[in-house]
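1. Take a look and give me a structure for this.
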Amino acid sequence: MNPPESSEEDTPRRGRRREDGRGGPHRGGRRGGWQTADLPSAADAASWFAGRLPEDWFSDVDVSVDREEITVIGTLKDADVEGAEAEGRLSRFRADSRDVRISIALEAQGRYARKVSWGARLGDTEALFTHVAAPVMTRLRQPERRVLDTLVDAGVARSRSDALAWSVRLVGEHADEWLGQLREAMSEVDKLRGEGPAV
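-> This is a model prediction of the structure:
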C-alpha cells in the first residue's frame, strides 16, 4: 500500500489564523460539537460546483463532502474512449485544467473552509488527481490492538495505521446502506437544529 497522494499539488495550502493568535490552519470537528461551531455548511456545495465549473468540462459531476474535504469527480464527455487512451485523456485533462481547478478550489475553500480534491472518469476508467489523507487519532484497548496486529502479522497491512484504514474501508463497503440512512438522519437533525431558537 503506497501512501496517499497529498492534495497540495492542485490545491495550495491556505490556513486561517486562530483567534488566539497562535496561527496554523483552522480545523472543524464533529457534527453538532464545539469543533463545528464556526465550520460553514457545505449542504449547497454540489449546486455551487454545478454553477461554477466550466460547462464544457463534464457531462456529470459527483460532489462528496466531509469535515475536511470536498471531493469533485466529473465525467468527461468522450464516453467511447477506453483503456490506455482513456488514461491518457484523463492525464491531459488534469494538466490542461490545473490552473482553473486551483482557482475554483481557492474560491470553494474560502466559502466552505475545506480542502478541495479533484478527480475525473471516462467510461470505466477513473482517476483521483488529489485527495486529503487526514490523520485520525484513536485509543484502542488490547483486544482491538490485537485485531490490528493480526492484520499486520498476516501481511494484510504494513502497520496498525494501515490495518485501521483497511478495517474502515471494509466496514464502509459492507454497511453502505446503513451508513447512508445514518447520514440522512443526521442531515434531518442538522436541519431541525438550524430551525430551532438561538441560544
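2. Now do the buried residues in the biggest helix by length in the chain.
-> In the chain, taking DSSP state H as the definition, the longest helix is helix 83-112. Going by neighbour count (16 or more other C-beta atoms under 10 Å), the buried part of helix 83-112 is 86, 89-90, 93-94, 97, 101-102, 104-105, 108-109, 112. (C-beta placed from N, C-alpha, C; glycine too.)
3. got it, and stretch 68-76?
-> So for stretch 68-76, counting by 16+ other C-beta under 10 Å, buried means 69, 70, 71, 72, 73, 74, 75, 76.
4. and the second one, that's in a strand?
-> Read that as residue 70. Yes - counting by DSSP: H, G, I helix; E, B strand; the rest coil, residue 70 falls inside a strand.
5. Surely residue 46 is in contact with residue 60?
-> No - the pair residue 46 / residue 60 is not scored as a contact, 11.4 Å apart, by C-beta atoms under 8 Å.
6. In terms of neighbours, single out the busier of these two.
-> Between residue 46 and residue 60, counted using other C-beta atoms under 10 Å, the more crowded position is residue 46 (16 against 10).
7. which stretch of helix or strand covers residue 50?
-> In this structure, residue 50 sits in helix 45-52 according to DSSP states H and E.
8. Show me what the helix or strand just after that helix is packed against.
-> The helix or strand immediately downstream of helix 45-52 is strand 58-65, counting by DSSP H and E. Counting by 3 or more C-beta pairs under 8 Å, 6 or more residues apart in numbering; DSSP states H and E, the packing neighbours recorded for strand 58-65 are helix 45-52, strand 69-76.
9. What helices and strands are in contact with the last one?
-> Meaning strand 69-76. strand 58-65, helix 83-112, strand 115-122, strand 125-128.
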